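S.K.: Model the following, please.
(chains A, B, C and D)
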Protein chains: 2
Amino acid sequence: MSTRATIADVALLAGVHPGTVSRALNQKTESQVNPGTVVRVRRAAKQLGYTPNSIARGLRTSSSLTIGVIIPDLTNPIFPPIVRGIDSYLAPRGYSALIVNTDGNDDTERLLFESLVQRQVDGFIFATGHSGHALATEAYERGIRAVMVNRDSGGVPYPAVVGDDAQGIRAALVHLFGLGHRRVAHLTGPPTFSTSRVRAEAFAAVCAELGISSEVVPTAAYSVDEGQRATDQILESSSRAPTAIVAGNDLLALGAYHSLRLHGLRCPEDVSVVGFNDMPFAGDFQPAMTTVRAPHFELGAESARLLLNQIENSALTALKVVLPVQLIVRSSTAPPP
Amino acid sequence: MSTRATIADVALLAGVHPGTVSRALNQKTESQVNPGTVVRVRRAAKQLGYTPNSIARGLRTSSSLTIGVIIPDLTNPIFPPIVRGIDSYLAPRGYSALIVNTDGNDDTERLLFESLVQRQVDGFIFATGHSGHALATEAYERGIRAVMVNRDSGGVPYPAVVGDDAQGIRAALVHLFGLGHRRVAHLTGPPTFSTSRVRAEAFAAVCAELGISSEVVPTAAYSVDEGQRATDQILESSSRAPTAIVAGNDLLALGAYHSLRLHGLRCPEDVSVVGFNDMPFAGDFQPAMTTVRAPHFELGAESARLLLNQIENSALTALKVVLPVQLIVRSSTAPPP
DNA sequence: ATTCAATCTGCAATCGATTGCATTCTGTGG
DNA sequence: CCACAGAATGCAATCGATTGCAGATTGAAT
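M.R.: The predicted structure is shown next:
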């Protein structure tokens, strides 16, 4: 790399002291320096193509303008929108997101967390539903700023930004009930995820309320394979198979599609399926998936907002923000046979 | 944040000079210090929970162990696998990726590029097909290390890592030809993308070779909407509509699905469709999409490898790496009516 | 015992920007 | 014409780690 211009070069060219250059080029301190000088410094800076070295600045100010974002897996389609939401709030404010994938592995998570701390990130956004609990507690005790997105805080006093899962499950069940379904199964994600528990509890509660006979089948992961396996289990064991399945997320629902197909059952004619999240292209599946849309982009943006609010204003922030969800009815639900 | 331990604290506790601590804790310089001292320093470091401040290190060594990754849009499903591939190579080597989205906007791209330069990234991975040309040229002249992924280098002597697009198009056409298709249309992406041009040229060449009557319809973006619009155009204008469509990517193919459906045509019975990329869940579309699988994860990993090779060894690297692609036949192709 | 080489460690400069404090300069009022 | 407030700028320490160089220590060889 050809050596970049430093603040000293600009100072030399503008005929002022480096300190003055620093002040002239900085929003907050600009008022401390003579307007004429500011112009001269700006010109010099432009002429030399000067851009501040943010590592040096970071060292002095002990802030990196960087946020660590910890997600399980970027290729899980709900995360890109969340990340973009985060970025949409951070970027205009000069912050960048450092995104890491844990693949659901706690050791990896801890390792990556430490490496981000080393990089002096100014705060964290945790999107890992899984455990992480101990880590979050520890982070909190270390005085690290953070926000949870798409999961609850699990007792740690970090703010959490979540979709209204209970409401989503309710909407799904009311929709199915309205179509005439009275036997519904729920594919619930791993109980270590807070979202799984919230959804499963809402499912049980609403079924009881509506008088729907219910069945809850746990899965080991929010994956297509597990959805398929769990649906296999339902179809092969139940004496009276359910007429509809509410899946904990769209991937599980997709697995249910696969299982139904392999069992020679049609969706929605024989069994209705409802997903959760409205992942990209959910409307292009076979059949187009009825699902609960969670506002992932907004969840991300809001979590970034809360975090920056903490960091820049040391402001107290809401401990929980719940964003509304919406049932998107497509073609995977129909009256029971 | 409770103030972190610095190298000086460790030095104090271990009863040695900070310089010695630095050497003791560093792989490459560890041999310069007495093994006994190393142990003492290590113990002291552990006791204090010391982790080096990588900003300070970065300032001194003028390297940030950070790579800038410039992509158009993370929510475009081909990018997450690329990013994960990049990360899979970087992370074990202590590097992190700083990912930014341009949304295809040149001004945004330039802005983000500069902000990453400011952050002292050690190199760039460009995944933006669009123009970027001028930017890449400029970056090269500034002595900045970079690699192109999923696009050619457009004359700039940066290495490029791409899939074998021509071979993929050939495979698609041979498949269609074998099914009996003799009139095939191609939905080509924006000509500013190198991938569009390569695919369109291969399409023309192979059609000529096989004696297929061809038609090429340009689109303004690799999007579902544009795919639909272009397909509308084909269906509404051609006197003799094609019996198959080869789309420039899966999104365009999805748009073709929509258009066909709205025109009362069935896929694959009336018109076959082939996509490109094999994006996640392409097999779950309606109908399951026949498409060319590009090895996105590997493209990402390989591009990271080339970049680090440049950075760490200043080694000359291959200027072009072409990875094989594979036609995945599913249910969107069938013999012509 | 002396010299010399090899090891190990300390010293201090350095990376580039920020910032509290001191100093200089300006214009105003007495 | 002097004093002085206030603005503008300069000075130098600082952030935390790295590293070339020099000094100290050790042991071996003569």
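S.K.: Quick check: bridge partners of the residue nearest to A:Lys320 when sequence neighbours are not counted?
M.R.: Distances taken as C-beta to C-beta, 6 or more residues apart in numbering or on different chains put A:Ala160 closest to A:Lys320, at 5.3 Å, once the chain neighbours are dropped. Placement of C-beta: from N, CA and C, glycine included. Here A:Ala160 sits in beta bridges with A:Met148, A:Lys320, going by DSSP bridges.
S.K.: so where's chain A uncertain?
M.R.: Chain A contains residues with pLDDT under 70 at A:1-3, A:130-132, A:238.
S.K.: What ranges does it have for its helices?
M.R.: A:7-14, A:18-24, A:35-48, A:54-61, A:79-90, A:106-118, A:133-141, A:165-179, A:194-210, A:224-237, A:250-262, A:296-313 (DSSP state H).
S.K.: Same list (those helices) but as TSV, adding mean neighbour count.
M.R.: Converted to TSV, these look like this (neighbours: other C-beta atoms under 10 Å in any protein chain shown):
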stretch	mean neighbour count
helix A:7-14	19
helix A:18-24	20
helix A:35-48	16
helix A:54-61	19
helix A:79-90	23
helix A:106-118	17
helix A:133-141	16
helix A:165-179	21
helix A:194-210	19
helix A:224-237	20
helix A:250-262	24
helix A:296-313	21
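S.K.: Contacts only, for the closest residue to A:Tyr140 other than its chain neighbours.
M.R.: Excluding its sequence neighbours, the residue lying closest to A:Tyr140 (C-beta to C-beta, 6+ apart) is A:Val156, at 5.2 Å. Residues near A:Val156 by C-beta atoms under 8 Å, 6 or more residues apart in numbering or on different chains: A:His133, A:Ala136, A:Thr137, A:Tyr140.
S.K.: Adding distance to B:Met289, write the residues you listed out as CSV.
M.R.: Shown next, in CSV, are the contacts of A:Val156 (distance: C-beta to C-beta, whole Å):
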residue, distance to B:Met289
A:His133, 40
A:Ala136, 40
A:Thr137, 45
A:Tyr140, 46
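S.K.: Closest one of those to A:Asp270?
M.R.: Of all these, the one sitting nearest A:Asp270 is A:His133; the distance, using C-beta to C-beta, is 40.6 Å.
S.K.: And that closest one, how close does it get to chain B?
M.R.: 21 Å (C-beta to the nearest C-beta, to the nearest Å).
S.K.: Check A:Gly189 too.
M.R.: Computed as C-beta to the nearest C-beta, the A:Gly189 to chain B distance reads 18 Å.
S.K.: what do you get for A:Asp107?
M.R.: A:Asp107 sits 13 Å away from chain B, going by C-beta to the nearest C-beta.
S.K.: measure that residue to DNA strand C for me?
M.R.: 33 Å (C-beta to the nearest atom of the strand, to the nearest Å).
S.K.: Just give the closest residue to A:Val100, not the sequence neighbours.
M.R.: Distances taken as C-beta to C-beta, 6+ apart place A:Leu112 nearest to A:Val100, at 4.3 Å, with adjacent residues excluded.
S.K.: what residues are up against the one you found?
M.R.: So A:Leu112 contacts A:Ile70, A:Val100, A:Thr102, B:Ala91 (C-beta under 8 Å, 6+ apart).
S.K.: same thing but at 7 Å, please
M.R.: Contact analysis of A:Leu112 by C-beta atoms under 7 Å, 6 or more residues apart in numbering or on different chains lists A:Ile70, A:Val100, A:Thr102.
S.K.: Mind telling me the two of the contacts of A:Val156 farthest from one another?
M.R.: For the contacts of A:Val156, the maximum inter-member distance is 10.8 Å, found between A:His133 and A:Tyr140 (C-beta to C-beta).
S.K.: residues making contact with stretch A:217-231?
M.R.: When contacts are defined by C-beta under 7 Å, 6+ apart, stretch A:217-231 is touched by residues A:185, A:187-191, A:233-234, A:245, A:247-249, A:251-256, A:258-260.
S.K.: Please list which of the residues you listed also come close to DNA strand C.
M.R.: Contacts with DNA strand C within the contacts of stretch A:217-231, counted by C-beta under 7 Å from any atom of the strand: none were found.
S.K.: got the contacts of A:Val156 as CSV, with distance to DNA strand D columns?
M.R.: Formatted as CSV, the contacts of A:Val156 follow (distance: C-beta to the nearest atom of the strand, whole Å):
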residue, distance to DNA strand D
A:His133, 29
A:Ala136, 25
A:Thr137, 25
A:Tyr140, 21
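S.K.: so how far is DNA strand C from A:Ala171?
M.R.: A:Ala171 sits 50 Å away from DNA strand C, going by C-beta to the nearest atom of the strand.
S.K.: Surely that residue touches A:Pro324?
M.R.: No. Using C-beta atoms under 7 Å, A:Ala171 is not in contact with A:Pro324, being 10.3 Å away.
S.K.: near chain B, which residues of chain A show up?
M.R.: Counting by C-beta under 7 Å from any C-beta of the partner chain, the residues of chain A lying close to chain B are A:1-2, A:51-56, A:58-59, A:64, A:74-75, A:77, A:80-81, A:83-84, A:87, A:96, A:98-99, A:101, A:114, A:117-120, A:142-144, A:254, A:280-281, A:284-287.
S.K.: Now narrow those to whatever sits close to DNA strand D.
M.R.: A:Ala56, A:Leu59.
S.K.: Next, count neighbours for the closest residue to A:Ile71 other than its chain neighbours.
M.R.: Distance criterion C-beta to C-beta, 6+ apart; nearest residue to A:Ile71, sequence neighbours excluded, is A:Ala127 at 4.4 Å. A:Ala127 has 27 neighbours, counted by other C-beta atoms under 10 Å in any protein chain shown.
S.K.: my read: A:Ala127 touches A:Ile70, true?
M.R.: Yes. Using C-beta under 7 Å, A:Ala127 is in contact with A:Ile70, at 6.4 Å.
S.K.: Now do the contacts for A:Arg182.
M.R.: A:Ile212, A:Ser213.
S.K.: What are the phi and psi values at the residue in chain A that chain B sits nearest to?
M.R.: Going by C-beta to the nearest C-beta, chain B is nearest to A:Gln286 of chain A, at 3.8 Å. Per-residue torsions, A:Gln286: phi -110, psi 100 (degrees, to the nearest 10).
S.K.: give me the number of residues near it?
M.R.: 18.
S.K.: Report the separation between the nearest residue in space to it that is not next to it in sequence and A:Cys267.
M.R.: In space, and not counting its chain neighbours, A:Gln286 is closest to B:Gln286: 3.8 Å by C-beta to C-beta, 6+ apart. Per C-beta to C-beta, to the nearest Å, B:Gln286 is found 12 Å from A:Cys267.
S.K.: Return every residue with contacts to both of these two.
M.R.: Shared contacts of B:Gln286 and A:Cys267 (C-beta under 7 Å, 6+ apart): A:Pro287.
S.K.: Domains of chain A: list them as residue ranges, please.
M.R.: Domain assignment for chain A by automatic domain parsing gives A:7-52, A:61-163+A:296-324, A:165-294.
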